[in-house]
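Asks: give me a 3D structure for the following:
(3 chains)
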Amino acid sequence: MSVSQEIPVAAAKAAAGASAGTVEWLQRALPKVVLAPSFVIILIVVYGFILFTGVLSFTDSKILPSFNWVGWQNYVKLWGFRNWITALQNLAIFGSLYILLCSAIGLFLAILIDQKIRIEGLLRPIYLYPMALSFIVTGTAWKWFLDPGIGLANTMHQWGWESFAFNWIKDGKMAIYCIVIAAIWQSSGFVMAMFLAGLRGIDNEIVKAAQIDGASNFNLYRRIIIPILRPAFLSVFVVLAHLAIKSYDLVIALTGGGPGRATELPATFMYSYTFTRNEMGIGASSAVIMLMMIASVIVPYLYSELRRGKR
Amino acid sequence: MAHATQETAVRTNVVVRALIYTGLLFFAGYYLVPLYVMLVNSVKPLDEIRQGDMMSLPALFTLDPWYSAWSTAQIGVQPTGLKPYFINSIVMVVPAVAISTLLGALNGYVLTKWRFRGDGIVFGLLLFACFIPFQIVLIPMARLLGLVGLAGSVSGLVLVHVVYGLGFTTLFFRNYYDAFPTELIRAAQIDGAGFFRIFWRILLPSSGPIIVVTVIWQFTNIWNDFLFGVSFSDVDSQPVTVALNNLVSSSTGVKEYNVHFAGAVLAALPTLIVYIVSGRYFVRGLMAGAVKG
Amino acid sequence: MKVSKLLSTSALVAGVALFSATAAAAESVEVLHWWTSGGEAAALNVLKEDLEKQGVNWQDMPVAGGGGEQAMTALRARVTAGNPPTAVQMLGFDITDWAKQGVVADLNDLAAKESWEKVVPPALQAFSKYEGKWVAAPVNVHSTNWVWANKKIFDELGLKQPTSWDELIAALDKIKGAGYTAVAHGGQPWQEATIFDAVVVATGGPEFYKKAFIDLDQSALNSDTMVQAFDRMAKLRTYVDDNFSGRDWNLASAMVIEGKAGVQFMGDWAKGEFLNAGKVPEKDFLCFRFPGTQGTVTFNSDQFVMFKVGEDRKAAQEKLASAIMNPSFQVAFNKIKGSVPARTDAEGSGLDACGQKGMKELAEASQNGTLFGSMAHGHAAPAAVKVATYDVITAHFNGEMDSKTAAEELANAVAGAQ
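Replies: Numbering: from 1, shown residues only, chains lettered A, B, ... in the order given. Model (predicted):
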């Protein structure tokens, strides 16, 4: 690669001075040329398609896209649906619990595992593997495990703990918490890895200095280490937030949106209207709302990233 | 006296260690439960599962479900098992991971070492690609693939996975290269090294950890993808997730749960192996780049 | 060795791909369907072999999941990309919806030649034809208002087959009293809707069903009869066990098979589950119509919709359609599948007791005008309406609203989705 690129440079240098300017310009433009294909393609497949979805949300598209303009009608309908409101409420419950608990468990495990644990090599893959599986695979296992008739509760009864009761997945009010449990199972190990990486990256000198100053372990973590982990927290938050908003296969595999429609999330709502109810227009309008939610989480993060870059 | 305090300290220490281990092992149990359910039920005959206790060990141990899931279970009209679909997945995953990783590395390189006006905005726009829900791009993407003549082909699938992986790969490499000393690059430039030579000779050789992270991330996501696989594949390019779905979610037929679980574990094996083998490098790689501030 | 094996396999794959590419140029059909479980796929294999005898290559494109939900997503991508399959398995109003898009083929010549008009019940033709053109070949009819009962429990308690709502309740009370789960039910929206179809017929009669679910008449949807139907659903809710929600239908069937539950209300595909467990109709289990719906059949019908393909693939497509409509194939297929042939003239003596009963009742209902599309299975109204009714039925069944509100909501939901 390097050779092929330098020959023209040499050749050009030997040639007339006029064309040397062009070559130099090419040299300077090369990085942009390398970046350009990615950029252009993303412009089309991300922003172009978002625009397309935006347009669809104002049309009466049913089974395939159509371009009959109907104005705000889809949005008006959307906010009239009880399912949509439920989906948003569920996202609020699910999203906040998921992000909070995942971060807490992840951090907790990372701190524990960072105490020079002998079996770290064994534990790490056990914590990490759920992220490697898709929910087509694990959904059924969770569904069975949480089912009071055949899973955990049944086993407890057989072991003699008769009063044990765990029927959340059958209860419209509690089922969303089952989704949280399974979701935490999937991602908290990954969060642990991110925090562990952050912990391992901390300069030992700082820790030692604090210890010499007589800081207790608790204070050491509270006052010094956790503040240093701030960037890791930010990355974790962004990863979890977008996973929460995009959560789809988890719900489908675990409850199918039930009992009733009690565990519907925006992503399942959008898919269901676009693809199974043949109401693409309404599906598109819910997608636009989802994108706005995603943007409200991501854009501040991007802004802070970019400002940091400028400094 | 001093001796006694020391002993207490040791004892507290033992208690603390015991607590730490208990905590860690408790969570290990939590993470292992679904795997246990899958494994234990994959070696039971179907009658035993029907009786309704999913957690108990098999009374009669059998490997038939595994054999069936691998080579004789009904996926479509033919009883092929999951075997042929593994090849389809591999043919798709390998180039998609390679291309998206390479492009991510180049993008990260340009965005950190060849800064230009507006590079931050370009990066921001690329990054947002990570967060787009895939369901909404399905229809326009199908149209696009049809227009460029890649509909229903492996190349089309590879293209789709590459473009929607670019955001993450670029993010990983950009954060990693950001910490790479720019002086080395400047020195190489003064020595007359060009754009690609610097990348090839200086940056890439020291990118080991972040390449591991990127490859793991991309491999897992692409291998596990179902939505793109089901929409953009053709008769002879359906990936293993689509086959697995055909195996487990038949609508009005008899459900052989033991075969389903065996198939599920089989389909997940490649990603499991990747995680187990490279878990250590994964944390090291994350440390080196992805969570850097 | 491993490498060489891998190489040879990939060479083989490449070879197959090449072969199928050349075959596609000659004669081949690509069929998108969701029949992937043992019995279903074996049934479809009959068709594949029939075609291969005629030199037509079968390219299999299975996409399982629900009532073809994933398959429909895949289809949308394929059609949008301008690369539709030759034929697609489809249900009810999906066929009409796709026909409206102008992407399906016209089979009128073939249909006239083989006089499909005479042998396919008019209620099915309503879906197979769009604006007077045949666009699909129906392969089977499932009827959805069946009861599957454990004969041992019925004998033990001295129960007869109930024929009315009151007899049903009396029987369920007895079963429950004896310590069994009376009704094995899986709490998924479509399963609840399946029962609701039958309850509506039993409560208001066939005319009311038609008015409410096929004509979508507002006054019928929000009526006292509908409130009563919802009340009956609430009554049935008291006979299910605590863990019903989210359960797959075949696990519910297993409860009846294992003698843990008395009855299950489910379409005739449940029969396969019983047969597969080695049970014999009339000896180990009973099949009868949902009490109060005798003489009426609510159905869903799998059809293969033919898409517009290039001229070079047209001949193969017609061969496929013709093979699907072949009476001996329909019998062979439905024997394995558990449903009954879509042609009323097919010879039914090869079917088991339940199958023969089903076929006879289907022909009678078709003659008497009491053969109706099932709302729960997308044969009474388009998908948007269907799923909107699911919302209400399921919410009510799970105790989120009372019957009166449910009837109002049902009317609103249907109006909103139209």
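Asks: what is the burial count for the nearest residue to C:Gly55 once chain neighbours are set aside?
Replies: Nearest residue to C:Gly55, sequence neighbours excluded (Cβ to Cβ, 6 or more residues apart in numbering or on different chains): C:Glu27, at 6.0 Å. (Each C-beta comes from the backbone N, C-alpha and C, glycine too.) By the criterion of other Cβ atoms under 10 Å in any protein chain shown, C:Glu27 has 17 neighbours.
Asks: hmm, C:Glu52 and C:Glu27 touching each other?
Replies: No: with contact defined as Cβ atoms under 8 Å, C:Glu27 does not count as touching C:Glu52 (10.3 Å).
Asks: can I take it that A:Trp185 is in a strand?
Replies: No: read with DSSP: H, G, I helix; E, B strand; the rest coil, A:Trp185 is helix and lies in no strand.
Asks: need the contact list for it.
Replies: Shown in contact with A:Trp185 (Cβ atoms under 8 Å, 6 or more residues apart in numbering or on different chains): A:Pro130, A:Trp142, B:Tyr30, B:Tyr31, B:Pro34.
Asks: measure the second one to A:Ala284 for me?
Replies: Think A:Trp142. In this view, A:Trp142 and A:Ala284 are 31 Å apart by Cβ to Cβ, to the nearest Å.
Asks: which sections of chain B are below the confidence cut-off?
Replies: B:1-10, B:50-53, B:250-255, B:288-293 (pLDDT under 70).
Asks: can I see the domain layout of it?
Replies: For chain B, automatic domain parsing gives the domain ranges B:2-67, B:83-290.
Asks: want to throw these into JSON lines with distance to chain A?
Replies: Output for the domains of chain B, formatted as JSON lines (distance: least, Cβ to the nearest Cβ, whole Å):
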{"stretch": "domain B:2-67", "distance to chain A": "4"}
{"stretch": "domain B:83-290", "distance to chain A": "4"}
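Asks: give me the most central residue, the chain.
Replies: Picking chain A for this. The centroid of chain A falls nearest to A:Leu243 when counting by Cα atoms, centre = their mean (2.5 Å).
Asks: wait, I meant chain C there
Replies: A centroid search over chain C (Cα atoms, centre = their mean) returns C:Asn300, at 4.3 Å, as the residue closest to the centre.
Asks: any idea how far it is from chain B?
Replies: Computed as Cβ to the nearest Cβ, to the nearest Å, the C:Asn300 to chain B distance reads 10 Å.
Asks: list the buried residues of stretch A:295-306.
Replies: Going by neighbour count (16 or more other Cβ atoms under 10 Å in any protein chain shown), the buried part of stretch A:295-306 is A:Val297, A:Ile298, A:Tyr301, A:Leu302, A:Glu305.
Asks: from B:Val274, how far off is the first one?
Replies: In this structure, A:Val297 lies at 29 Å from B:Val274, with Cβ to Cβ as the measure.
Asks: and chain C, which residues reach chain A?
Replies: C:66, C:69, C:72-73, C:76, C:79-80, C:94, C:97-98, C:100-101, C:187-189, C:241-247, C:382-384, C:387-388, C:391, C:394-395, C:397-398, C:400, C:416-417 (Cβ under 8 Å from any Cβ of the partner chain).
Asks: ok, now with 6 Å
Replies: C:69, C:73, C:97, C:101, C:243, C:245-246, C:383-384, C:387, C:394-395, C:398, C:400 (Cβ under 6 Å from any Cβ of the partner chain).
Asks: next, format those as TSV and append distance to A:Val23 and neighbour count.
Replies: As requested, the residues of chain C next to chain A are exported to TSV (distance: Cβ to Cβ, whole Å; neighbours: other Cβ atoms under 10 Å in any protein chain shown):
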residue	distance to A:Val23	neighbour count
C:Glu69	57	20
C:Thr73	51	22
C:Asp97	59	20
C:Gln101	54	12
C:Asn243	75	20
C:Ser245	71	27
C:Gly246	67	22
C:Ala383	61	24
C:Ala384	62	21
C:Val387	63	22
C:Thr394	70	25
C:Ala395	71	24
C:Asn398	73	21
C:Glu400	73	18
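Asks: now for those residues: which two are most distant?
Replies: For these, the maximum inter-member distance is 42.4 Å, found between C:Gln101 and C:Asn243 (Cβ to Cβ).
Asks: from A:Leu56, how far out is B:Val94?
Replies: Distance, B:Val94 to A:Leu56, using Cβ to Cβ: 35 Å.
Asks: any idea how far stretch C:126-146 is from the middle of the chain?
Replies: How far stretch C:126-146 lies from its chain's middle: 11 Å, per Cα atoms, centre = their mean, to the nearest Å.
Asks: mean confidence for it?
Replies: For stretch C:126-146, the mean pLDDT works out to 93.
Asks: point to the residue nearest the middle of chain B.
Replies: The residue lying closest to the centre of chain B (Cα atoms, centre = their mean) is B:Thr220, at 1.2 Å.
Asks: which residues does that one contact?
Replies: Taking Cβ atoms under 6 Å, 6 or more residues apart in numbering or on different chains as the contact definition, B:Thr220 lies against A:Ala132, B:Thr271.
Asks: now, the residues of chain C next to chain A that are in helices?
Replies: Of the positions in the residues of chain C next to chain A, C:Glu69, C:Thr73, C:Asp97, C:Ala383, C:Ala384, C:Val387, C:Thr394, C:Ala395 sit in helices, assigned by DSSP state H.
Asks: what strand or helix carries residue 210?
Replies: Using chain A. Using DSSP states H and E, A:Ala210 falls within helix A:204-212.
Asks: my bad, chain B
Replies: Per DSSP H and E: B:Ile210 is located in helix B:208-224.
Asks: picking that back up, which of the buried residues of stretch A:295-306 fall within strands?
Replies: Using DSSP state E, no member of the buried residues of stretch A:295-306 sits in strands.
Asks: can I get the residues you listed in CSV with distance to chain C?
Replies: Shown next, in CSV, are the buried residues of stretch A:295-306 (distance: Cβ to the nearest Cβ, whole Å):
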residue, distance to chain C
A:Val297, 27
A:Ile298, 27
A:Tyr301, 31
A:Leu302, 31
A:Glu305, 34
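Asks: closest to B:Tyr257 among the residues you listed?
Replies: In terms of Cβ to Cβ, no member of the buried residues of stretch A:295-306 lies closer to B:Tyr257 than A:Val297, at 38.6 Å.
Asks: pLDDT at the closest one, what is it?
Replies: With respect to pLDDT, A:Val297 scores 80.
Asks: with A:Ala10 instead?
Replies: Model confidence at A:Ala10 (pLDDT) stands at 43.
Asks: and the residue of chain A found nearest chain B, how far is that from A:Gly198?
Replies: With Cβ to the nearest Cβ, the shortest gap between chain A and chain B falls at A:Pro231, namely 2.7 Å. As judged by Cβ to Cβ, A:Pro231 and A:Gly198 stand 7 Å apart.
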